[in-house]
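Q: Fold the following for me, if possible:
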Amino acid sequence: MSIKKRIVLFSIVCMCFSVFMSFGQIQENPVQWKTTIEQGKGDTLLVNLKATIKEGWHINSQFNAIPDGPLPTVFDFKNTDQYSVVNKVIEPTPLNKIEKIYDNQTLYYFEKEVNFVQKIIPKTTDSITIKGTVTYMSCSQNMCLPPETEEITLKYQPLHGSTTQDSNVWWLFFGGFFGGFLALLTPCVFSMIPLTVSYFTKNGGVKKAIIYAISIVVIYVTLGLTITLTLGPDALNALASNGIVNLIFFLIFVLFAISFLGAFEITLPSSWLNKSDQMTDKGGLIGIFFMAFTLALVSFSCTGPIIGSLLVEAAVNGNIIGPAIGMFGFALALSIPFMVFAAFPTMLKKLPKSGGWLSKVKVILGFLELALAMKFLSTFDLVYQLGILKREIFIAVWIVIFSLFGFYMLGKLKFEEYENESKTSISGLISSILIFSFVVYLIPGLWGAPIKLVSGFLPPSFYKEWNQNTGPMNSNSSTVTTIADTHSQPCPQNLNCFHDYEEGLAYAKKENKPILLDFTGWSCVNCRKMEDNVWSDPLVWEKLNNDYVLISLYVDDTTVLPENEQMISKTTGKKIKTIGNKWSDFQTEKFQTNSQPYYVIIDTNGEKLSEPVAYEPNVTKYAAFLQAGIENFK
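A: Below you'll find the predicted structure:
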């Protein structure tokens, strides 16, 4: 081939390559997808679909609905025998602009980067393969490319044996640890420290003391596990909302309080103590273990009320391993001194001598037990709506209890013959100042003040003997929109709300407003904290009052449903007999969770507008959550 022909041929090839490259640049996909999977709350898995969008391009929202306009982004995930899909794909708040070429309709779209989330629930504990598709249209200011479909395939391998613990577990541990520290300061336990440590320094030293301490931990943790295994997780969850159980807890706490105040001592059968004492004579590991067991029995008159209170709190908390975690913290605090003093016996000389101050600690615990007992009586009253312990009465009782507590710390109130001090100690004076300051803080609550410091312990702000038809205490608003007389049941912060889902949904359709589903409970401490501390904020209150239809569904409402509405749950197989059963089952079936508080923003078709939130004490974050729901609804 001649040189001339070669040059011509080379030019043609270069031209074709140039055209091909130019075409390739035009057709280069401006959107890149990255998919990942992570563990959500409970058994839920979160499929994250992240789109990185080239500068100058955008993709449309799922809810873009311009007729004959750019196509919306469509995700397709179907249920399989390995997993079930939870509602629609969740997207953040999109950008929007008016499109003149489409009769000034609004276009909703995303630029630069956006993350979509699809929630699924596995049906098996083995690995699963998640499949789906996303169909989208990439658009710039001048053109839209043909729709693209991305195939999504993800494999998820669960980590067997791993657990996700609720943050309340740490509170249970530290509560147990504090309870164990208080138990150390009681006469029954404190007086045993020098005696027990002296024994170990003469017979085996630190090694046996460590075994002794470990035995204490094993004994109390076993007690906690026994509670869980005997009652089961379902029963523990039911304790918090069962009125009769809360009444029993109230009586137990009052019994413990009276015992601490010196009326009598709660003791175990002497035969148990004798048998345990006989086992300690066997020596070796068994002997040391039963020495620890003997300590637990001998000190029960002091530790029993603390242990009982701790187990009650752990049980009604609803956490499956709560009692065991609480007992672990308690036993750890109880056992540490025996190890420390056995390792450093000279420190025993620095311990304060036993005396009346130990019994004074018991009286202090008695006052605290009596105050806490009122919380359980309040729950019983709320669940059955008896109206015997309204908010003002509860506060009045607390004012009396803590006033007597303050007088006791000043030495003006005595329970034992040895309490004959004529002078008030400095520690007693400082303690009484703090206690009386708390009493003064409580007093305005009799006239409706929020008292946020103890929100959660008190009855709801609307559960009172008098009612004023205004906004929250710190709201500047002076008017409240009335829904209807038939729906004027008490609501938090004097907001208007519905207590029936269908009625609230119908009203939302009429008013064309988004809905805030508030899954709550009369016995829910965190629900009260949210209502008193977050909903009372003027910004949050205004959004709830003006921009939303609030539907508060109480999952522990004991009102019996009519016979024709009672049924067997398709989700749990249990009978739905009360209004509380109905809303609890509704929450479980629709949102795959049964915890409270739980807030879900939905549209007038019952579809979620954003990711639900649970307990969120940060006012700014909660207000942003509400604002996002409003924008998504628009």
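
Q: Look at the nearest residue to C524 once chain neighbours are set aside and give its secondary structure.
A: Among residues not flanking C524 along the chain, Q596 sits closest, at 4.6 Å (C-beta to C-beta, 6 or more residues apart in numbering). Placement of C-beta: from N, CA and C, glycine included. With DSSP: H, G, I helix; E, B strand; the rest coil as the basis, Q596 sits in coil.

Q: Identify the residues contacting Q596.
A: Residues near Q596 by C-beta atoms under 8 Å, 6 or more residues apart in numbering: 519-521, 524, 526-527, 555.

Q: mind checking pLDDT for it?
A: The score at Q596 is 80. That number is its pLDDT.

Q: how close does it sit to W583?
A: The gap separating Q596 from W583 is 10 Å, by C-beta to C-beta, to the nearest Å.

Q: what's the overlap in contacts for those two?
A: Common contact partners of Q596 and W583 (C-beta under 8 Å, 6+ apart): 519, 555.

Q: G606: how many residues sit nearby?
A: Using other C-beta atoms under 10 Å, G606 has 14 neighbouring residues.

Q: wait, is it part of a helix?
A: No - looking at G606 with three-state DSSP, it is coil, so not inside a helix.

Q: where's it relative to V600, distance?
A: Distance, G606 to V600, using C-beta to C-beta: 10 Å.

Q: again, but for K360
A: According to C-beta to C-beta, K360 and V600 sit 50 Å apart.

Q: still on that earlier bit, for the contacts of Q596, give me CSV that also has distance to N533, pLDDT and secondary structure.
A: Converted to CSV, the contacts of Q596 look like this (distance: C-beta to C-beta, whole Å; pLDDT from 0 to 100; DSSP: H, G, I helix; E, B strand; the rest coil):
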residue, distance to N533, pLDDT, secondary structure
F519, 18, 92, strand
T520, 15, 90, strand
G521, 17, 85, coil
C524, 14, 79, coil
N526, 10, 80, helix
C527, 11, 86, helix
V555, 21, 87, coil
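
Q: which of those sit farthest apart?
A: Greatest spatial distance among the contacts of Q596 (C-beta to C-beta): N526 and V555, at 13.3 Å.

Q: Looking at the two, which has the bigger crowd around it?
A: Taking neighbours as other C-beta under 10 Å, N526 and V555 compare with V555 leading, 26 against 19.

Q: just checking, what packs against the helix or strand V400 falls within?
A: Using DSSP states H and E, V400 sits within helix 391-409. Here helix 391-409 touches helix 356-383, helix 426-442, going by 3 or more C-beta pairs under 8 Å, 6 or more residues apart in numbering; DSSP states H and E.

Q: what's the longest one packed up against?
A: Right, the one you point to is helix 356-383. Contacts defined by 3+ C-beta pairs under 8 Å, 6+ apart place helix 356-383 against helix 187-190, helix 243-260, helix 300-316, helix 391-409.

Q: now with 6 Å?
A: Judged by 3 or more C-beta pairs under 6 Å, 6 or more residues apart in numbering; DSSP states H and E, helix 356-383 is in contact with helix 243-260, helix 391-409.

Q: Give the buried residues for it.
A: Using 16 or more other C-beta atoms under 10 Å as the test for burial, helix 356-383 gives 358-383.

Q: How about stretch 106-122?
A: Within stretch 106-122, the residues that qualify as buried by neighbour count (16+ other C-beta under 10 Å) are 107-110, 114, 116-120, 122.

Q: Quickly name whichever of those is closest to F457.
A: F457 lies nearest to K119 out of those, by C-beta to C-beta, at 34.3 Å.

Q: Now name the helix or strand holding the residue lying closest to that closest one once chain neighbours are set aside.
A: Excluding its sequence neighbours, the residue lying closest to K119 (C-beta to C-beta, 6+ apart) is V86, at 3.9 Å. Secondary structure assignment for V86, by DSSP H and E: strand 83-90.

Q: Run the chain-centre distance for the helix or strand following that strand.
A: Downstream of strand 83-90, the first helix or strand assigned by DSSP H and E is strand 95-99. Chain-centre distance of strand 95-99: 39 Å, with C-alpha atoms, centre = their mean, to the nearest Å.

Q: ditto for stretch 563-579
A: On the basis of C-alpha atoms, centre = their mean, stretch 563-579 sits 26 Å off its chain's mean C-alpha point.

Q: Please look at N104 and I98 and confirm they touch.
A: Yes - assessed by C-beta atoms under 6 Å, N104 is found in contact with I98 at 5.4 Å.

Q: For F633, give me its contacts.
A: By C-beta atoms under 6 Å, 6 or more residues apart in numbering, F633 lies in contact with 514, 603, 609.

Q: do that again at 10 Å, thanks
A: Residues near F633 by C-beta atoms under 10 Å, 6 or more residues apart in numbering: 63, 508, 512-515, 547-548, 601-604, 609-610.

Q: Show the buried residues in those.
A: Buried by 16+ other C-beta under 10 Å: 63, 508, 513-515, 548, 601-604, 609-610, out of the contacts of F633.

Q: Can you name every helix or strand that the helix or strand where N581 lies contacts?
A: When elements are assigned from DSSP H and E, N581 belongs to helix 579-591. Under the contact criterion of 3 or more C-beta pairs under 10 Å, 6 or more residues apart in numbering; DSSP states H and E, helix 579-591 touches strand 83-90, helix 501-511, strand 515-520, strand 549-554, strand 567-568, strand 575-576, strand 598-602.

Q: how about the ones you listed in CSV, adding distance to I130?
A: CSV is the format used below for the helices and strands packed on helix 579-591 (distance: least, C-beta to C-beta, whole Å):
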stretch, distance to I130
strand 83-90, 7
helix 501-511, 31
strand 515-520, 27
strand 549-554, 32
strand 567-568, 32
strand 575-576, 33
strand 598-602, 24
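
Q: Tell me which of these is the most buried.
A: Stretch with highest mean neighbour count among the helices and strands packed on helix 579-591: strand 515-520 (a mean of 26; mean count of other C-beta atoms under 10 Å).

Q: got the angle between it and helix 579-591?
A: Put simply, strand 515-520 runs at 120 degrees to helix 579-591, going by axes from the mean of the first three to the mean of the last three C-alpha atoms, to 10 degrees.

Q: mind listing what strand 515-520 pairs with, with the direction of each?
A: When pairing is defined by DSSP bridges, strand 515-520 lines up against strand 549-554 (parallel), strand 598-602 (antiparallel).

Q: Sketch out the low-pLDDT regions of the stretch 101-250 of the chain for me.
A: Scanning the stretch 101-250 of the chain for pLDDT under 70 picks out the ranges 125, 157-169, 186-192, 194-205, 224, 227-241.

Q: where along it do the helices fall?
A: Using DSSP state H, counting those that start in this stretch, the helices of the stretch 101-250 of the chain run over residues 168-184, 187-190, 192-202, 205-239, 243-260.

Q: Check which helices and strands the strand or helix carrying F341 is in contact with.
A: For F341, the element it lies in under DSSP H and E is helix 322-343. For helix 322-343, the packing partners by 3+ C-beta pairs under 10 Å, 6+ apart come out as helix 168-184, helix 187-190, helix 192-202, helix 205-239, helix 284-298, helix 300-316.
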